[in-house]
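Student: any chance you could fold what I've pasted below:
(chains A, B, C and D)
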Protein chains: 2
Amino acid sequence: MARVAGRMITREEVAEAAWRVILRDGLPKASMRAIATELKATTGVVTYHFHDKAELLLFALDRLGTAIVRDMDAALAGVTGVERVRRILRTTLPLGPREVAGWRLWMSFVGLALSDKELRDEHQRRLEILNGRLEFEIRALQARGDLSAGIDARHEADALVALSDGIGLGYTLRPKAYPPEKQWAIVEGYLTSRFGLPQPRRRGAARR
Amino acid sequence: MARVAGRMITREEVAEAAWRVILRDGLPKASMRAIATELKATTGVVTYHFHDKAELLLFALDRLGTAIVRDMDAALAGVTGVERVRRILRTTLPLGPREVAGWRLWMSFVGLALSDKELRDEHQRRLEILNGRLEFEIRALQARGDLSAGIDARHEADALVALSDGIGLGYTLRPKAYPPEKQWAIVEGYLTSRFGLPQPRRRGAARR
DNA sequence: AGAAGAACACAACACTTGTTATATTCAACG
DNA sequence: CGTTGAATATAACAAGTGTTGTGTTCTTCT
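Tutor: Below is the predicted model of the structure:
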């Protein structure tokens, strides 16, 4: 109980301030003081909402993951069939500024995740969610008859995750080499040549 | 002039010590003192060979890249045809402990590379080298007649880099999800369904 | 009005960091 | 020999870090 005072900064706002600092100055510069300054507050706010800095970073990463899942669900609303797979990939790829920011943040944490078990678990969770969703959709397509029952859904989902993550990694390091059109061309090319899924737009070059 | 004294620690040894520290304790723990201790020396050695810490990290990353290129060249010696593409991918994928260490190191630096221009340039250089080599080999296969002349070599190389980098990223975060056999199954599956490349067989065509 | 407690500010502590300056060692050479 | 200079050790500094403790506000409830 007890509704509260003047500004009332929430944990989410702290996490989002951390995002902005990380995106602007990099993770090493994201100190408690820098995050507090970004909030136009002092470190007291940060230490009040989070016991640790580790807890703050973990929460920031967790919230980033749930935001992506929420975006994905929104993109899937009312969509059926093959288009669902495309929508999933569209929300994970760095096609727009929002997704680009997400990828930059995610990549900023990868280095830490290698030496921090909890951060690594959080990363794994996201990958497993993405993998699980793709696997589910592939199975649904198989049940529908749109896809051969012979293919290994789990395996194909792993491959798709690898492809989209590779594009995301490539974009964060070489943005010019992976513009949105090329990202999507790679994914569409993969889907058609691998599964024979029809292209919504005009037919292209992927005949062998 | 002047051959020198007792231990004579080189820049390369310092860089390799930095690798070990980063692999064992993570990049944030890789301080000058930690690296010096790993060398069983003091910080004087490190500051003598490197003016900056930034210069040390850049050198360590650069040397990692050249080591990978050297491995790739060694794997390509005397190999012709489609097998060359496979060899390239085999040296980039985290199939063995050596490549796994390379990937862990590379991923440790990605976060810093986002906020450090020189590190980012180094990353881009490696990606461009890998992309260039694959593009070259694809063109060679086209000239040979093993691959349709209609495909866009540059585009296919970008896609292949994305796929292998995605596998590498996936492995560093979820090693159990991408064991060596699965890594290779994904790549082989991609090559066959995308290019129709046959499983390894020998043919005796004249080179060039 | 008064009490309570949440939300925040502020200051200080104990470390660690990168960097620099100054000593020390010791093989090579005139 | 003594001198030189590269290679390493040592020590110190200023700045920044996460964390902790103690005030200060200010709303809400009685």
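Student: tell me where the model's unsure across chain A.
Tutor: Scanning chain A with the threshold set as pLDDT under 70 gives A:1-6, A:197-208.
Student: can the longest helix seen in it be said to contact chain B?
Tutor: Scanning chain A for the helix with the most residues, using DSSP state H, yields helix A:117-144. Yes - Helix A:117-144 is in contact with chain B by CB under 8 Å from any CB of the partner chain, via A:120, A:123-124, A:127-128, A:131. Any C-beta I mention is one placed from the backbone N, CA and C, and that applies to glycine too.
Student: for the nearest residue to A:L56 once chain neighbours are set aside, what are its contacts?
Tutor: Leaving aside its chain neighbours, A:L56 sits nearest to A:F50 (4.2 Å; criterion: CB to CB, 6 or more residues apart in numbering or on different chains). Listed by CB atoms under 8 Å, 6 or more residues apart in numbering or on different chains, the contact set of A:F50 reads A:11, A:14, A:56, A:59.
Student: leaving out sequence neighbours, find the closest residue to A:L95.
Tutor: Per CB to CB, 6+ apart, closest to A:L95 is A:P180, 4.7 Å.
Student: how many neighbours does that neighbour have?
Tutor: 14 (other CB atoms under 10 Å in any protein chain shown).
Student: most neighbours of all the residues of helix A:117-144 next to chain B, which one?
Tutor: A:H123 (23 neighbours).
Student: would you mark the buried spots in stretch A:65-74?
Tutor: Judged by neighbour count (16 or more other CB atoms under 10 Å in any protein chain shown), stretch A:65-74 contains these buried residues: A:65, A:67-68, A:71-72.
Student: residues in contact with it?
Tutor: Contacts for stretch A:65-74 (CB under 8 Å, 6+ apart): A:87-88, A:91-92, A:98, A:102, A:122, A:125-126, A:129, A:133.
Student: and if you look at stretch A:93-104?
Tutor: Counting by CB under 8 Å, 6+ apart, residues outside stretch A:93-104 touching it are A:19, A:23, A:64, A:67-68, A:71, A:91-92, A:164, A:167-168, A:171-172, A:178, A:180, A:183-184, A:187, B:114.
Student: separation between A:S193 and chain B?
Tutor: Per CB to the nearest CB, to the nearest Å, A:S193 is found 5 Å from chain B.
Student: compute the inter-axis angle for the host helix or strand of A:K182 and helix A:117-144.
Tutor: Secondary structure from DSSP states H and E places A:K182 in helix A:180-195. Interaxial angle, helix A:180-195 versus helix A:117-144 (axes from the mean of the first three to the mean of the last three CA atoms, to 10 degrees): 50 degrees.
Student: from the chain's centre, how far out does helix A:180-195 sit?
Tutor: For helix A:180-195, the separation from the chain centroid amounts to 19 Å (computed by CA atoms, centre = their mean, to the nearest Å).
Student: and it, what does it pack against?
Tutor: When contacts are defined as 3 or more CB pairs under 8 Å, 6 or more residues apart in numbering or on different chains; DSSP states H and E, helix A:180-195 sits against helix A:82-92, helix A:153-173, helix B:153-173, helix B:180-195.
Student: now do the buried residues in it.
Tutor: Buried, per 16+ other CB under 10 Å, within helix A:180-195: A:182-195.
Student: show me the contacts for A:A17.
Tutor: A:A17 is in contact with A:35, A:38-39, counting by CB under 8 Å, 6+ apart.
Student: do the same with A:R174
Tutor: B:124, B:127-128.
Student: could you check how far A:R133 is from A:A75?
Tutor: Relative to A:A75, A:R133 is positioned 11 Å away (CB to CB, to the nearest Å).
Student: more neighbours: which of the two?
Tutor: Each of A:R133 and A:A75 has its neighbours counted (other CB under 10 Å); A:R133 has more, 20 against 14.
Student: skip the chain neighbours and tell me the closest residue to that one.
Tutor: A:I88 (5.8 Å).
Student: can you name the residue of chain A nearest to DNA strand C?
Tutor: Nearest residue of chain A to DNA strand C, counting by CB to the nearest atom of the strand: A:G44, 2.1 Å away.
Student: give me the nearest residue to that residue, chain neighbours excluded.
Tutor: A:A36 (7.8 Å).
Student: next: A:T172.
Tutor: Nearest to A:T172 is A:M107, by CB to CB, 6+ apart, at 4.8 Å.
Student: check A:D146 too.
Tutor: Looking at A:D146 with CB to CB, 6+ apart, the closest residue is A:V82, at 6.3 Å.
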